[in-house]
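J.: Need the 3D shape of this:
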Amino acid sequence: VEDTVERLLARGKVVGTVGGDHSVALGAIAAHARRHPGLGLVHVDAHADLYPAWQGSVYSHASPFYRLLTEGFPLVQVGIRAMDRDSLRLARKRGVALFPAHRIHREGLPLDEILEALGKRVYISLDFDALDPSLMPSVGTPLPGGLSYRQVVDLLEAVFREKEVVGMDFVELSPNGQFHAEMTAAQLVYHAIGLKGLQAGWLSREVDHI
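T.: Residues are numbered from 1 along each chain as shown. Sure thing, here's the model as predicted:
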């Protein structure tokens with residue numbers, strides 16, 4: 001993944017990776033980080049993915065943000081609702097800006113705080129299980145209490161509006177015949193491409209109502 005993304009970036013492409021499990025983010029982010037020192041990460045997920053290893057693998061889908069955090073990447077996590085004590089201690093120690101789903105449901109989406117926690121250039125990593133399973137049952141590890149489609153869209157729009165998004169990935173879709181879920185995933189990817197098009201000037205601002 002890292003080599004492929006690096007080749008595409010060298011050709012001047014904007015790269016959005018569609019996974020697979022969340023381990024694909026490691027290679028994609030590594031390639032982007034070489035070109036953008038100090039790159040910040042927006043991680044939207046039901047799970048913190050901060051385990052040092054899972055089922056014997058340091059490269060598992062439960063571990064990518066442990067690797068990235070311990071390598072010094074600034075990290076903002078949104079929508080989290082599954083996190084063990086060790087992960088929480090690590091997040092606090094390393095200064096993760098954590099916006100769990102229960103807070104969002106009680107207080108609303110704190111866009112100003114999220115944006116304040118980010119630097120100029122960011123990479124967005126979106127696990128589809130961040131969405132509530134009533135909308136997105138087609139994931140490997142669904143959890144109740146997730147975000148709405150509108151909340152995720154509002155987050156994406158705010159980040160693209162205020163920051164330079166240099167790359168992104170969308171992961172963990174597990175098609176199981178739930179057509180509405182697959183269409184929801186496709187629409188989010190399509191929407192993010194449109195937002196990047198607006199940001200980069202590929203699209204007219206006349207269509208900024210999307």
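J.: All the strands of this protein, residue numbers only.
T.: In the chain, the strands defined using DSSP state E lie at 15-18, 40-44, 75-78, 97-99, 121-127, 164-171.
J.: And the helices in the chain?
T.: 2-10, 24-35, 64-70, 85-94, 101-107, 111-116, 149-162, 179-200 (DSSP state H).
J.: Count the residues that sit near residue 13.
T.: Residue 13: 11 surrounding residues under other CB atoms under 10 Å. C-beta: built from backbone N, CA, C; applies to glycine.
J.: Counting neighbours, which bits of stretch 7-17 end up buried?
T.: For stretch 7-17, a neighbour-count test (16 or more other CB atoms under 10 Å) marks 8, 9, 14, 15, 16, 17 as buried.
J.: Need the pLDDT of the spatially closest residue to the third one that is not a sequence neighbour.
T.: If the residues on either side of it in the chain are set aside, residue 14 comes closest to residue 196, at 6.0 Å by CB to CB, 6 or more residues apart in numbering. Looking at residue 196, its pLDDT reads 96.
J.: Residue 196 touches residue 164, doesn't it?
T.: No. Using CB atoms under 8 Å, residue 196 makes no contact with residue 164, being 10.1 Å away.
J.: In the protein, where is pLDDT below threshold?
T.: In the predicted model, the chain carries pLDDT under 70 at residues 204-210.
J.: Need the residue closest to the centroid of it.
T.: residue 125 (2.2 Å; CA atoms, centre = their mean).
J.: Kindly reformat the buried residues of stretch 7-17 as a markdown table containing distance to residue 69.
T.: As requested, the buried residues of stretch 7-17 are exported to a markdown table (distance: CB to CB, whole Å):
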| residue | distance to residue 69 |
| --- | --- |
| 8 | 25 |
| 9 | 23 |
| 14 | 25 |
| 15 | 22 |
| 16 | 22 |
| 17 | 20 |
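J.: returning to that earlier point: how about a markdown table for the strands of the chain, with distance to residue 179 added?
T.: Shown next, in a markdown table, are those (distance: least, CB to CB, whole Å):
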| stretch | distance to residue 179 |
| --- | --- |
| strand 15-18 | 18 |
| strand 40-44 | 23 |
| strand 75-78 | 27 |
| strand 97-99 | 30 |
| strand 121-127 | 20 |
| strand 164-171 | 18 |
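J.: Can I get stretch 185-192 as PDB, trimmed to CA atoms?
T.: The C-alpha trace of stretch 185-192 is given here as PDB (Å, rounded to 0.1, in the frame of the first residue of the first chain):
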ATOM      1  CA  ALA A 185     -20.600   4.100   2.100                       C
ATOM      2  CA  ALA A 186     -20.400   5.000  -1.600                       C
ATOM      3  CA  GLN A 187     -22.100   8.300  -1.100                       C
ATOM      4  CA  LEU A 188     -19.700   9.300   1.700                       C
ATOM      5  CA  VAL A 189     -16.700   8.500  -0.600                       C
ATOM      6  CA  TYR A 190     -18.300  10.400  -3.500                       C
ATOM      7  CA  HIS A 191     -19.100  13.300  -1.200                       C
ATOM      8  CA  ALA A 192     -15.500  13.500   0.100                       C
END
